[in-house]
Structure formats: structure tokens, C-alpha cells
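Enquirer: Just to be clear, the model below is a prediction. Sequence and coordinates:
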Amino acid sequence: MQGDLRNHWAVHYPRILPVALNAAREFLPERVQRVFEHAYLLHRTCLLFSHTSVWSGQRVECSTAGDEEIEQLVSDVLELARMTVEAEHFERRFVVFPLFLAGFATSHPEKKRLAMELLVAMEPTSVGKNTAASRELLQIIYDLQRQSLMAVGHSLAVDWIDVMTERGMHVVNFGL
């Protein structure tokens, strides 16, 4: 699945555009930038999901497989979300789930903090309680990951879908 995602992106990525997000954005009119950013973020999120959330216990079974790519994907998501918040494009609610997933997937405390800060920044203008529910679930996940890290030396056994289900929480994100 991951290979198919990477191949699809490589085949359909416009050859005239630089590979780096910021460089690619410079070539595009503003209206097209939004579509490109949405596709870019969706692609990164699908890859991140494929590394972390396809089945319960996936992170434990795969342990360190893909850790470098996971952290790069997290960085890509955080960078685009940061640009979105700084530009005050709060109507781009499609950023919420990728931010949540990035916060869940990263092992770096600074990236976890940034993901939470960006969710908090988006919350006041969100529609309904989607962003608040994502933030609340992410805080629970962070607490469980911290407990697991102290108990067993890693937090890979924490599964956000299991936690969400066990706690009766519902995270619905539109626009992804």
C-alpha cells in the first residue's frame, strides 16, 4: 500500500514543480496552491496512517520500521499546518486530522507540543466540536504515551483508534 501511495504521487506529480513544498508553491497561483496543499497534505497523511493506524498494534509489530519516514511525514504535516495557521486560513479544516495524526505518530516532544499548539490555534474558529474533540483525544493519547514510555520504555502500544473506541469518543473530520 505504501509503495502504491508513493508511486501514485511520483507518477502524477507535475514534473515542472520542485519537490519541496515551499518551492513548489512559488510556481503556482494562489488558487492552485490551495488545491496542491490539500493534495500534498492528504498524501502525507495517508502515508502516515499506513505506517501507524491500519490495524491495532501496528506500531508494536513494526516497531522501528519506517521511523525515519514517519518523522519526515510528521514534519511535512506540521510545516503545512503551521503555514496555514500563520496565514489565518482557519477555513482549511482538512488540516485537523493530519495534525492529530502527526501528534500521535511522532516520538519527539517538541513536535507533539507543536501539533497541540496548532490544534489549539484552530479550535476557536472550528465548526462544531471536531477540533476540540481531536485536541481532547490527542491530550489523552499524550498522557497514555507518557505513561507507557515510563512503564515499558516506549509508547508504541498506544493505539489512538482503540483509545477513542474505549472512551466512547468520536472524532469526525470533514474536508479531508
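Expert: Cool, the structure landed. Residues are numbered from 1 along each chain as shown.

Enquirer: helix or strand for Pro14, which one?
Expert: If you go by DSSP states H and E, Pro14 is not part of any helix or strand.

Enquirer: Neighbours of it, how many?
Expert: Here the number of neighbours of Pro14 (other CB atoms under 10 Å) works out to 9. Just so you know, the C-beta spots here come from the backbone N, C-alpha and C atoms, and that holds for glycine as well.

Enquirer: Report all helices and strands that the helix or strand bottoming out on mean pLDDT in the chain contacts.
Expert: None of the helices or strands of the chain scores lower by mean pLDDT, DSSP states H and E than helix 58-62, at a mean of 76. Packed against helix 58-62 by the contact rule (3 or more CB pairs under 8 Å, 6 or more residues apart in numbering; DSSP states H and E) you find helix 30-52.

Enquirer: got the contact list for the helix it packs on?
Expert: 1-2, 5-6, 9, 21, 24-25, 28, 58-59, 62, 66, 69-70, 73-74, 76-77, 80, 84, 92, 94-95, 97-98, 101-102, 104-105, 176 (CB atoms under 8 Å, 6 or more residues apart in numbering).

Enquirer: so where's this protein uncertain?
Expert: Residue ranges of the chain with pLDDT under 70: 63-65, 172-176.
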